[in-house]
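*Asks:* Build me a model:
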Amino acid sequence: MSLARIERLQRALAASGFDAMALTPGSSLTYLTGLHFHLMERPTLLLISTGAQPALILAELEVGKARGAGLPLQLFPFGDNPALWGQPFEQSAQALGLQGKRIGVEAAKMRFLELRYLENAAPGARFEAADDALGSLRMQKDAEEVAAMRQAVQIAQNALLATLPSIHPGVTEREVASELYLQLLKAGSETEAPFMPIVASGPNSANPHAVPTERKLQPGDLLVIDWGARYAGYCSDLTRTFAIGKVDEELRRIAEITARANAAGRAASQPEIAAGEVDQAARAVIDAAGYGAQFFHRTGHGLGLEEHEPPYIFGENKLILAPGMTYTVEPGIYLEGKGGVRIEDNVVITASGRETLSDLPRELITLA
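*Replies:* Reported below is the predicted structural model:
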């Protein structure tokens, strides 16, 4: 599978006018090779040329791992002396004929360490963002990838259900987040979670990216929990909102509106429509209820090896949805100083419509 992915990338690069692509450790390198490397003080770089066997520059201690991938990679290892680290870059650039060529990089991920070595090794080369060429490959998940994400969703849901009995007035946001992370591991999530759980109560729930604090849950609070699991490298990302005891009428009303907006966004998800139409469908519900100004983020983002990747679900996005594209639908309403609601599900486009991978209740559930 990885060799087929490399060949698809080579074709995409050629179609976009690139001669090669350079990738540092991360999800794209893993997607193409199945190899996991960490960013560290030693450089690591995968070079994929349109006309030569891919090259991997890596520390000698990683050679055994690379050979185990079973891919036709040219390996250019180096030892511990930093004064000699430029040599494998020069050797690989010569082997792939990179001098003066147009080389693609991931704009937000290329590290200066590797880029400077490569610039010195390939005089005259031009480095430009090639995210679209790679993103077009990763956006449409195959059946194996969707199955991994379905399992990641199930693990996340089971972990939350195991956590709920521990939630009551007096417990802190951090305590809830810690218990949820522990339950994620027990339920089968990989230790490298997509992100640390967001647990936000009371006024803090009006901050979409709140960090759990020592605030104790109180009767009358809304409680937003945003969490995810990772399985076989693939992510889930879910959000549910709860009531701690009895909450006031406006908070209950925005919870009901948000649930309807979530349903509208999922219902709008279909192949052959623009991604922006999903955002527009969810946003229309909240706008009609008079809370448009309190919904100030996009309706969703893609999911896969990363918790945020294309396609992005915002109103102006004209990208046409296609089978295998997987993303979140997560409308929210946030009342500053009072509380907020977000309801997030994971959706995959199918040949005839969409499948919602998550199925926990979306209505406001009262705890304690």
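
*Asks:* Tell me which residues touch residue 84, please.
*Replies:* Neighbour list for residue 84: residue 78 [criterion: Cβ atoms under 8 Å, 6 or more residues apart in numbering]. (Each C-beta comes from the backbone N, C-alpha and C, glycine too.)

*Asks:* and the gap between it and residue 119?
*Replies:* 18 Å (Cβ to Cβ, to the nearest Å).

*Asks:* Just give me the neighbour total for the closest residue to residue 273 other than its chain neighbours.
*Replies:* Leaving aside its chain neighbours, residue 273 sits nearest to residue 321 (5.7 Å; criterion: Cβ to Cβ, 6 or more residues apart in numbering). Residue 321 is flanked by 26 other residues according to other Cβ atoms under 10 Å.

*Asks:* same question, residue 191
*Replies:* By the other Cβ under 10 Å criterion, the neighbourhood of residue 191 contains 8 residues.

*Asks:* Break the chain down into its domains, please.
*Replies:* Domain assignment of the chain by automatic domain parsing yields the ranges 2-138, 140-367.

*Asks:* could these be laid out in a markdown table, adding mean pLDDT?
*Replies:* Shown next, in a markdown table, are the domains of the chain (pLDDT from 0 to 100):
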| stretch | mean pLDDT |
| --- | --- |
| domain 2-138 | 95 |
| domain 140-367 | 97 |
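
*Asks:* Comparing the ones you listed, which comes out most buried?
*Replies:* For those, the largest average neighbour count (mean count of other Cβ atoms under 10 Å) is found in domain 140-367, namely a mean of 19.

*Asks:* Would you mind measuring the gap between the ends of that one?
*Replies:* Domain 140-367 has its terminal residues 38 Å apart, counting by Cα to Cα, to the nearest Å.

*Asks:* Quick check: the residue positioned nearest the centre of the chain vs residue 257, distance?
*Replies:* Residue closest to the average C-alpha location in the chain (Cα atoms, centre = their mean): residue 307, at 1.7 Å. With distances taken as Cβ to Cβ, residue 307 is found 26 Å from residue 257.

*Asks:* which ones are touching the residue of the chain most remote from its centre?
*Replies:* Going by Cα atoms, centre = their mean, the residue of the chain most distant from its centre is residue 83, 36.6 Å out. Residues near residue 83 by Cβ under 8 Å, 6+ apart: none.

*Asks:* So it, which state does it fall into?
*Replies:* Recorded secondary structure, residue 83: helix (DSSP: H, G, I helix; E, B strand; the rest coil).

*Asks:* measure it to residue 72 for me?
*Replies:* Residue 83 sits 31 Å away from residue 72, going by Cβ to Cβ.

*Asks:* What pLDDT does the model give residue 1?
*Replies:* Per-residue pLDDT puts residue 1 at 53.

*Asks:* residue contacts, the residue lying closest to residue 52 once chain neighbours are set aside?
*Replies:* Using Cβ to Cβ, 6+ apart and skipping residues adjacent in sequence, the residue nearest residue 52 is residue 96, 4.8 Å away. When contacts are counted by Cβ under 8 Å, 6+ apart, residue 96 touches 20, 47, 49, 52, 55.
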